[in-house]
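Novice: Okay, here's the prediction I keep looking at, along with the sequence it came from:
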Amino acid sequence: MRALVLLGLAALFVAPTAHAQPRTALADTGRLIIFQGDAPVARESFWFTDMGDSLLVLAVNERQLQDDQGQRHPFKKTLTMVVDARDFGLLRYTSSQEFQGHVTTRGLVPGDTSITYYQEIDGTGDAMRLVQPPGRLFVMDGQLFSLFEVLCRSLADKTFTSRRVQLLTLADSMATPLATITQGKRDTLAFGNRRIPTRRYTFEDPTARFELWADARGRLLRLVHEPTGLHVVREPEAAPPPRRRTRTAR
């Protein structure tokens, strides 16, 4: 079973041939700064690439984690995900975590009625096939906040008060909880040296509640988990250099 899953993933992520090269363009890129209280503890860079009828999402989260003896260890987690360009529904997903000399890989391969979830630690693991929940699927995987960006982008052109969202939460096994997203009043948020209009959402699943702020394009600008003091902010883009005036000859 594991060999079949790996072969299937290789086929999904292999580069297309020159005869079937899709249109590709970098649609957006950004960086999230993760704070615990007032202290920045991690940075997560992400890229959205337009593949025509789908979007390729890449993200890298890097930080230092402290063990029980007070020693600090580098932590790195990456994701590669393909979503439908129309509604951001999941098409395929994989993440890789590097910590204390070990590599943990998790992945999802949706089908028509079933979904395959696999997990490996240092190249050894297993896969399971489960009944696939109906509707669009959104992934939640620990330490990866770009997944909230994908969710916010899917809501950008929607008008609603409250709606349900089907999650796939990844750990030692896959769970399929439903989350509720409630849209609050329009707000403004300081972003760089200006204030911009935002949409505010409350995201609740059976284990946690988050407050989210996104701009009109659905770009995640701020995330807050009040009980733990965790908050995430999007790093403002660098201001363009001032235009030079050219002196006209008299």
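Specialist: It's in.

Novice: Enumerate the positions of the helix or strand Phe210 falls within that are buried.
Specialist: Here Phe210 sits within strand 209-214, counting by DSSP states H and E. Across strand 209-214, burial judged by 16 or more other Cβ atoms under 10 Å covers Phe210, Leu212, Trp213, Ala214. Any C-beta I mention is one placed from the backbone N, CA and C, and that applies to glycine too.

Novice: Likewise for stretch 187-203?
Specialist: Leu189, Phe191, Thr198, Arg199, Arg200, Tyr201, Phe203.

Novice: Format these as a markdown table; extra columns: pLDDT, secondary structure and distance to Ile33.
Specialist: Converted to a markdown table, the buried residues of stretch 187-203 look like this (pLDDT from 0 to 100; DSSP: H, G, I helix; E, B strand; the rest coil; distance: Cβ to Cβ, whole Å):
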| residue | pLDDT | secondary structure | distance to Ile33 |
| --- | --- | --- | --- |
| Leu189 | 92 | strand | 15 |
| Phe191 | 90 | strand | 13 |
| Thr198 | 95 | strand | 17 |
| Arg199 | 94 | strand | 21 |
| Arg200 | 95 | strand | 20 |
| Tyr201 | 97 | strand | 20 |
| Phe203 | 98 | strand | 19 |
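
Novice: Export those as a markdown table, with columns for distance to Arg106.
Specialist: Converted to a markdown table, the buried residues of stretch 187-203 look like this (distance: Cβ to Cβ, whole Å):
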| residue | distance to Arg106 |
| --- | --- |
| Leu189 | 33 |
| Phe191 | 33 |
| Thr198 | 32 |
| Arg199 | 30 |
| Arg200 | 31 |
| Tyr201 | 26 |
| Phe203 | 21 |
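
Novice: Next, give me the two most distant ones among these.
Specialist: Phe191 and Phe203 (20.1 Å; Cβ to Cβ).

Novice: before we move on, the earlier item: what sits up against the strand holding Phe210?
Specialist: 148, 152-153, 155-156, 187, 189, 198-204, 220-226 (Cβ atoms under 8 Å, 6 or more residues apart in numbering).

Novice: ranges for the helices of this protein?
Specialist: For the chain, the helices defined by DSSP state H cover 2-13, 146-155.

Novice: Of those, which shows the lowest average pLDDT?
Specialist: Looking at those, the lowest mean pLDDT belongs to helix 2-13 (a mean of 40).

Novice: does Ile181 really touch Phe203, like I thought?
Specialist: Yes. Under the criterion of Cβ atoms under 8 Å, Ile181 makes contact with Phe203 at 5.5 Å.

Novice: residues near Lys132, how many?
Specialist: Residue 132: Gln, not Lys. 18 (other Cβ atoms under 10 Å).

Novice: Adjust the sequence numbering to begin at 15 for everything that follows.
Specialist: Happy to do that; since the first residue is 15 now, the last one works out to Gln146.

Novice: Run a quick neighbour tally on the nearest residue to Asp42 once chain neighbours are set aside.
Specialist: Of all residues not flanking Asp42 in the chain, Phe62 sits nearest, at 4.5 Å (Cβ to Cβ, 6 or more residues apart in numbering). Look at Phe62: counted by other Cβ under 10 Å, it has 23 neighbours.

Novice: The one 3 residues further on now?
Specialist: Using other Cβ under 10 Å, the number of residues around Met65 comes to 17.

Novice: In the protein, where is pLDDT below threshold?
Specialist: 15-38, 252-264 (pLDDT under 70).

Novice: ok, back up a step: which residues do Ile195 and Phe217 both contact?
Specialist: With Cβ under 8 Å, 6+ apart as the test, Ile195 and Phe217 both reach Leu165.

Novice: The residue lying closest to Glu218 once chain neighbours are set aside and Tyr215: what is the separation?
Specialist: Distance criterion Cβ to Cβ, 6+ apart; nearest residue to Glu218, sequence neighbours excluded, is Thr194 at 5.0 Å. Going from Thr194 to Tyr215 by Cβ to Cβ, to the nearest Å gives 10 Å.
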